[in-house]
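Trainee: here's a sequence, model it:
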Amino acid sequence: MPVHFEEGLVKKLPMATACLVFAAATVISAITFAQTTDRSSGLTEYQRSGRDIFRELIEINTSPTMGSTKAAEAMAARLRAAGFPENDIRLVGPQPQHMNLVVRYRGSGTLRPVLFICHLDVVEALPKDWSFDPFAFREQDGYFYGRGTTDIKDEAADLVAAFIRLSKEGFKPNRDIILALTEDEEGGDANGVQWLLQNRRDLIDAEFCINPDGGGGEIKNGRHTVMAFQTSEKVYLDFTFEAKNKGGHSSMPVKDNAIYRLATALTRLQALDFPIALNETTRMSFERSALQETGQTRADMLAAAATPTDLAAANRLAAASPYYNSMLRTTCVATMLSGGHAENALPQSARANVNCRMLPDDTAEHVLTTIRSAVADPEVSVTCAYASTAGPRSPLRPDVMDALEQVTSSLWPGVVVTPVMSTGATDGKYLRAAGIPVYGVSGMFGEIDDVRAHGRDERIGVKEFYEGLEFMYRFIKAVGD
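Mentor: The predicted structure is shown next:
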């Protein structure tokens with residue numbers, strides 16, 4: 001049996017303070033929360049709570065060497081102080097340094113539970129690479145700065161803040177709402193979602209899951225344009241290309257050279273295009289995205305989304321944008337090279353890593369067969385070095401889409417809600433593979449031309465953070481009912 005740890009939390013009495021009734025607004029600049037406003041800061045009680053939680057999370061270093069337990073404990077303490085019962089707050093995990101927080105907001109039980117997931121860990125950030133301390137929360141020129149501000153402690157903050165606000169208001173959903181703040185999404189051997197599925201599925205089992213890491217809004221040229229709603233993601237694969245040779249002295253070269261042979265194989269891979277293949281999600285994505293386009297792009301999106309697909313239109317889109325290309329087909333690209341053993345010797349081997357992002361309806365075996373056929377050289381071995389967990393596409397749920405469209409239109413009139421297939425990977429794949437449909441939903445908008453996740457001076461707009469905070473509160477209420 002695997003070793004794991006579980007920590008019960010001290011029970012506190014619920015807070016008696018009630019909140020005022022929430023008044024909805026359809027224009028962001030006029031949003032008022034059902035809370036008192038601090039005249040000195042201009043923030044509502046809910047906004048202050050969200051900002052304070054956000055600051056605390058950013059200033060706890062949860063990079064791989066540190067672990068996420070301290071952040072999980074801090075969020076547990078806040079929920080405990082808000083009156084959540086001891087039995088509904090669980091810190092569990094494989095190691096004391098790598099604990100996950102699971103909180104259950106009790107409902108009537110009329111419907112099966114919904115699970116919200118959000119990882120607490122962040123990628124490493126070195127102070128020498130940043131303009132300031134990456135683990136010091138900073139507000140400057142309309143932005144919040146710090147490691148994790150967009151990936152993805154902004155969402156951990158809004159989920160915890162929304163849970164506390166809903167509890168204060170006495171909200172009673174028709175289903176249990178589960179929140180799992182997890183470890184090691186960015187890497188490492190203590191992935192929280194995997195561990196929970198294998199060891200404590202009872203804590204997170206649900207009818208479906210909402211994963212803020214898979215969705216969100218886009219800002220282009222200062223305008224909110226699209227709200228992405230993830231229903232599937234591509235599958236990560238690594239293949240090893242290797243050519244071998246007996247070698248020899250470099251003063252007497254021969255045509256049969258391991259590096260040349262590998263280079264030829266990679267050139268053939270470069271010319272390989274996997275077939276165009278759309279699914280339910282990508283068809284609707286192009287159809288709805290066309291509403292934001294004009295001219296040939298708009299026409300091509302509609303033609304590509306049609307049944308049957310207009311392949312000429314789809315190929316024009318693929319040629320125009322790497323993103324469109326990745327949405328339309330399985331892709332493979334060489335990412336690493338090594339070869340030779342001495343400067344004055346003919347190489348005895350040459351090796352390359354080829355990274356593929358496979359469509360969820362494809363198979364690793366088919367991808368391998370296609371690559372080998374394109375390389376067409378028995379002297380170059382092609383083997384699968386790594387295949388990530390593959391999860392099926394989540395079916396489009398009208399209740400989730402309706403809730404998302406309703407809340408989005410109330411906050412950002414005119415923004416198009418569109419399902420998407422992520423070209424990257426999230427923890428959602430583990431849940432999908434375990435039979436729990438996952439939907440990527442987030443109210444955080446970001447500038448499409450200024451993506452800083454995993455990079456230097458990561459940041460999120462102050463206005464966008466507070467809007468996302470309000471979005472999550474409304475969305476949880478909508479899916480809870």
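Trainee: what about the closest residue to Leu197 other than its chain neighbours, distance to Ser68?
Mentor: Spatial nearest neighbour of Leu197, excluding adjacent residues (C-beta to C-beta, 6 or more residues apart in numbering): Ala434 at 5.2 Å. To be clear about C-beta, it is placed using only N, CA and C from the backbone, and glycine gets the same treatment. Separation of Ala434 from Ser68 (C-beta to C-beta, to the nearest Å): 22 Å.
Trainee: of the two, who's got more company?
Mentor: A count of neighbours by other C-beta atoms under 10 Å puts Ser68 above the other of Ala434 and Ser68, at 32 against 19.
Trainee: phi, psi of that one?
Mentor: Its backbone dihedrals place Ser68 at phi -110, psi 0, with angles given as degrees, to the nearest 10.
Trainee: for His454, same thing?
Mentor: The phi/psi pair for His454 (degrees, to the nearest 10) is phi 70, psi 0.
Trainee: low pLDDT regions in the chain?
Mentor: Confidence mapping of the chain against pLDDT under 70 gives the ranges 1-40.
Trainee: so the residue nearest to Leu197 touches Leu196, yeah?
Mentor: No: taking C-beta atoms under 8 Å as the definition, Ala434 is not a contact partner of Leu196, at 9.9 Å.
Trainee: all strands of the stretch 251-400 of the chain, in order?
Mentor: Secondary structure of the stretch 251-400 of the chain (DSSP state E, counting those that start in this stretch): strands at 331-339, 345-346, 349-358, 380-387.
Trainee: domain assignment for this structure?
Mentor: Split into domains by automatic domain parsing, the chain comes to 5-231+392-480, 234-387.
Trainee: just these: most buried one?
Mentor: Mean neighbour count (mean count of other C-beta atoms under 10 Å) peaks for domain 5-231+392-480 among the domains of the chain, with a mean of 19.
Trainee: quick one: distance of that domain to the chain centre.
Mentor: Computed by C-alpha atoms, centre = their mean, to the nearest Å, the chain-centroid distance of domain 5-231+392-480 equals 11 Å.
Trainee: try stretch 292-308
Mentor: Counting by C-alpha atoms, centre = their mean, stretch 292-308 comes out at 27 Å from the chain centroid.
Trainee: just the residues contacting it, thanks.
Mentor: 225-226, 278, 283-284, 286-287, 289-290, 309-310, 312-314, 316-317, 320, 328, 416 (C-beta atoms under 8 Å, 6 or more residues apart in numbering).
Trainee: in helices, which of the residues you listed fall?
Mentor: Taking DSSP state H, the ones among the contacts of stretch 292-308 that sit in helices are Arg283, Met284, Phe286, Glu287, Ser289, Ala312, Ala313, Ala314, Arg316, Leu317, Ala320, Leu328.
Trainee: any idea which of these is closest to Ile152?
Mentor: Ser289 (23.8 Å; C-beta to C-beta).
Trainee: just checking, the closest one touches Val417?
Mentor: No: using C-beta under 8 Å, Ser289 is not in contact with Val417; the gap is 10.9 Å.
Trainee: Glu155 against Gly215, yeah?
Mentor: No: between Glu155 and Gly215 no contact is recorded; they are 9.8 Å apart, counting by C-beta under 8 Å.
Trainee: overlap in contacts, those two.
Mentor: Ser442.
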